[in-house]
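Student: Fold the following and give me the result.
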Amino acid sequence: MKNEIENKLMNKNTKPTSMRILVYDFLDSQNVALSLSEIENQFENADRITIYRTLKTFEEKGIVHSIQENSTTKYRLCEDDCNENTHSDRHLHFYCKICKQTTCKENVTFADHPNLGFRIDEVRFFAKGICENCLDETLQ
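Tutor: Numbering: from 1, shown residues only. Model (predicted):
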């Protein structure tokens, strides 16, 4: 697994340091977007600044995308086709008001229209509501 992560990082022109590998591996195991504090809590011996710099480098290199939620930034791994110039995360970022989790809804997308006469490099597509799990619980 470590070699696979190293290769993914190197393919994104990112040096695979120990911390970068750990952060990537942790984010890869998550199904929700996480804040810096939530990520930091998983690495008790790591420096907050190092984790922050790792996330910023990942964002610059197209490894993670950031989701602005109220006054908090959350992070989620990008698809493989994101890069330093373009993030292709054209899906809905959904915040549940009950469980307070932010998830990527890949089935709800913002379509790319190549003949508009301009280029869209990044889309911030965000909604708040009640996720399917919490909605099921409230109906029972």
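Student: what's around residue 50, how many residues?
Tutor: 15 (other CB atoms under 10 Å). Where C-beta positions appear, they are placed from N, C-alpha and C, glycine not excepted.
Student: Likewise for residue 58?
Tutor: 23.
Student: Nearest residue to it in space, ignoring adjacent ones along the chain?
Tutor: residue 64 (4.2 Å; CB to CB, 6 or more residues apart in numbering).
Student: Need the pLDDT of that neighbour.
Tutor: Looking at residue 64, its pLDDT is 94.
Student: any idea how far residue 12 is from it?
Tutor: 10 Å (CB to CB, to the nearest Å).
Student: so the most centrally placed residue in the chain is in which element?
Tutor: Centroid-nearest residue in the chain, with CA atoms, centre = their mean: residue 76, separated by 1.5 Å. Assigned by DSSP states H and E, residue 76 belongs to strand 72-77.
Student: Direction included, what does the helix or strand following that strand pair up with?
Tutor: Following strand 72-77 in sequence order, the next helix or strand is strand 91-96 (DSSP H and E). Sheet pairing of strand 91-96 (DSSP bridges) gives strand 102-109 (antiparallel), strand 126-129 (parallel).
Student: how many degrees apart are strand 91-96 and strand 72-77 in direction?
Tutor: If you take axes from the mean of the first three to the mean of the last three CA atoms, to 10 degrees, strand 91-96 sits at 130 degrees to strand 72-77.
Student: ok so, going back, for the residue nearest to residue 58, list the residues it contacts.
Tutor: 27, 55, 58, 75-78 (CB atoms under 8 Å, 6 or more residues apart in numbering).
Student: Considering those, which is situated nearest to residue 99?
Tutor: residue 76 (16.1 Å; CB to CB).
Student: Can you give me the distance of the residue nearest to residue 58 to residue 93?
Tutor: Residue 64 is 13 Å from residue 93, by CB to CB.
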